[in-house]
Structures are given as C-alpha cells and as structure tokens.
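Asks: Have a look at this prediction, sequence included:
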Amino acid sequence: MTVLPARRLVAVFATALILFLLILFPLAFALSLSPLPAQGFHARSVSGSIWSGHAAGAGFGSASLGDLRLSLSPLALLTGEARFRFAPEAEGPAPVGALVAARGAFAAEDVTAAIPMPPLVPGVAATLSLQDFSVAFVDKTCRTASGAVTAEVRVETAGMSLAGTAACAGPRLLLPLTGRTPAGDASLFVHVAGDASYTYEIKVSGAPNTDAGLLAAGFVREGGNIVLRGEGRLQ
C-alpha cells in the first residue's frame, strides 16, 4: 500500500474541501456578492448552489426573463469576473445566454431571448427578440455589440415588424431596426447608454389612412413622416 507524504495528504484534503465548499456554495450569496444586482439583475427568489441554481421571476431592469436555471463559473472569478449562465427553467425556447459583471464593466454574451418591453406610451408596446446577441460596456462605454434584433411594435390594433443588427454608436449601444408596414416604411432606433438609460425613435412614412390612429397614440407629424420619440431606463 502506498502511503502519501503528510504534506501531500494535507494538500489533497484541502483541495477536496475547497471543491466540496464550491459545490455547495449558495448561489444567492454568490449573486449578492457580485456587481450584477447593482447593474440591473433581480429575481423574486434564488436557490441552489453556484453549479446548479434557480432564479424565480428573474429580470434585468424592467425586462422580464421569467424563471431561469442559473450557474456561476468559478474559473471566471479568477479573472475578477462574475459570469452567470442562464437557461429556461422548463424545457423550451429562450432565454439562454450569459451575463458578465466586473468592476466598471458589464457584458451580455450570446443571448437569445424574447423580451417584452414596458409600454412606450399608452397604447404603444414592443417586444424585442434577440438572437446570438452580445454587448460589452467598459466604463459605461459600448465597446462591442453584435447579433440580430427584431421588434414587434404594437400600436393599438395595428403592428409593425422591424429587424436589424446591434452595433456600438459612439459610447452607446445602437439597435437600428427597419421594415415595411401597411402604413409605409418604418424604423425604430434605440440607443442604450452605459448607465442603463435609453432613448428611442419610431418613424413611419405615414399613409393618410393610418395617420389618425398613429397620431392618437402619441405620434407627431414631421414632414412626410409620423414620429414618436421617448426615453426611459432599463433599471
């Protein structure tokens, strides 16, 4: 029988203890220690360990993500990052992806999700669908952004489908979405700043038979276009 030297035996037991503690480390406590809640992530309740946790009623800012399976990468902690991967609690489609938080930095990686947004104004609401979407902010400045984004915008009983690709425009994230609607060519430009504030502009080349409905919803006429602008915060 091989007898391990005392020092090696202590090292083996110490490693085993560390792994054991990591396996059982509560996800809720790890989440509370990370910068992610301050950057907008929240949940009604969090349970389980960092390897296999659950977040009920999760969301980011004012956007709902539903019930999620959530895990924390211990390896990312060695680089000073808190990297949380998420997937739907029940089998089915999105949301999936990762949220990464570090001092002075935030990123979303490979996110696929359908996110209902709060009503822009009474009677006007939108759902954003992200496909392989990624964005990174460092010191509140957009450094990289990519991925397909589509939006279903509902104006009373009418609707418009718009699509585009995420990009950085100066220090802000830009979602430049365009499409055609029964009312004419339409666009939705959303700018998101590093402090979670955003502005948006919806523009439609208004046709006379749709002007009344859009104007009643809060759009204004500018030349040959019907326009709605606003702002808000994701947190």
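Replies: The structure has been received and is ready for your questions. Keep in mind the model is a prediction, meaning the values are calculated, not measured.

Asks: contacts for stretch 68-82?
Replies: 22, 27, 30-31, 33-36, 43, 46, 48, 50-55, 58, 83-89, 95, 100-103, 105 (C-beta atoms under 8 Å, 6 or more residues apart in numbering). All C-beta atoms are positioned from the backbone trio N, CA, C, and that covers glycine.

Asks: Can you verify my assumption that residue 154 contacts residue 117?
Replies: No: checked against C-beta atoms under 8 Å, the pair residue 154 and residue 117 is beyond contact range at 10.7 Å.

Asks: which one of those two has more residues nearby?
Replies: residue 117 (19 against 16; other C-beta atoms under 10 Å).

Asks: so which strand or helix has the closest residue to that one other than its chain neighbours?
Replies: Spatial nearest neighbour of residue 117, excluding adjacent residues (C-beta to C-beta, 6 or more residues apart in numbering): residue 126 at 4.9 Å. Taking DSSP states H and E as the definition, residue 126 sits inside strand 124-138.

Asks: Format the CA atom coordinates belonging to that strand as PDB.
Replies: Taking C-alpha atoms only, strand 124-138 is exported to PDB below (Å, rounded to 0.1, in the frame of the first residue of the first chain):
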ATOM      1  CA  VAL A 124     -47.800  51.500 -27.900                       C
ATOM      2  CA  ALA A 125     -45.800  48.500 -26.800                       C
ATOM      3  CA  ALA A 126     -42.900  46.400 -28.200                       C
ATOM      4  CA  THR A 127     -41.300  43.000 -27.800                       C
ATOM      5  CA  LEU A 128     -37.600  42.700 -28.600                       C
ATOM      6  CA  SER A 129     -36.300  39.400 -29.800                       C
ATOM      7  CA  LEU A 130     -32.500  38.800 -29.500                       C
ATOM      8  CA  GLN A 131     -30.600  36.200 -31.500                       C
ATOM      9  CA  ASP A 132     -27.000  35.400 -30.500                       C
ATOM     10  CA  PHE A 133     -26.900  39.000 -29.100                       C
ATOM     11  CA  SER A 134     -23.700  40.200 -27.300                       C
ATOM     12  CA  VAL A 135     -22.700  43.600 -25.900                       C
ATOM     13  CA  ALA A 136     -19.900  44.800 -23.700                       C
ATOM     14  CA  PHE A 137     -19.700  48.000 -21.800                       C
ATOM     15  CA  VAL A 138     -16.500  49.200 -20.100                       C
END
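
Asks: going on from it, what's the next piece of helix or strand?
Replies: Taking DSSP H and E, what comes next after strand 124-138 is strand 141-155.

Asks: still on that earlier bit, quick check: mean pLDDT of the strand holding residue 126?
Replies: On average, the pLDDT along strand 124-138 is 91.

Asks: Distance from it to the middle of the chain?
Replies: 6 Å (C-alpha atoms, centre = their mean, to the nearest Å).

Asks: now stretch 69-78
Replies: Worked out by C-alpha atoms, centre = their mean, stretch 69-78 lies 18 Å from the chain centre.

Asks: Which positions in that stretch come out as buried?
Replies: Neighbour counts over stretch 69-78 (16 or more other C-beta atoms under 10 Å) mark 69, 70, 71, 72, 73, 74, 76 as buried.

Asks: How about stretch 192-202?
Replies: Those buried within stretch 192-202 under the rule 16+ other C-beta under 10 Å are 192, 193, 194, 196, 198, 200, 202.

Asks: now it: mean pLDDT?
Replies: 89.

Asks: Then stretch 221-235?
Replies: 82.

Asks: can you dump the C-alpha coordinates of it into CSV?
Replies: What follows is stretch 221-235 as a C-alpha-only set of coordinates in CSV (Å, rounded to 0.1, in the frame of the first residue of the first chain):
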residue,chain,number,x,y,z
ARG,A,221,-46.2,64.6,-37.9
GLU,A,222,-42.8,65.8,-39.2
GLY,A,223,-42.9,66.5,-42.9
GLY,A,224,-43.9,63.3,-44.6
ASN,A,225,-43.3,61.1,-41.6
ILE,A,226,-45.1,60.2,-38.4
VAL,A,227,-42.7,60.1,-35.5
LEU,A,228,-42.7,59.0,-31.8
ARG,A,229,-39.7,59.7,-29.5
GLY,A,230,-39.2,58.9,-25.9
GLU,A,231,-36.7,57.9,-23.2
GLY,A,232,-36.5,55.7,-20.2
ARG,A,233,-34.3,53.4,-18.0
LEU,A,234,-33.7,49.7,-18.1
GLN,A,235,-33.2,49.7,-14.3
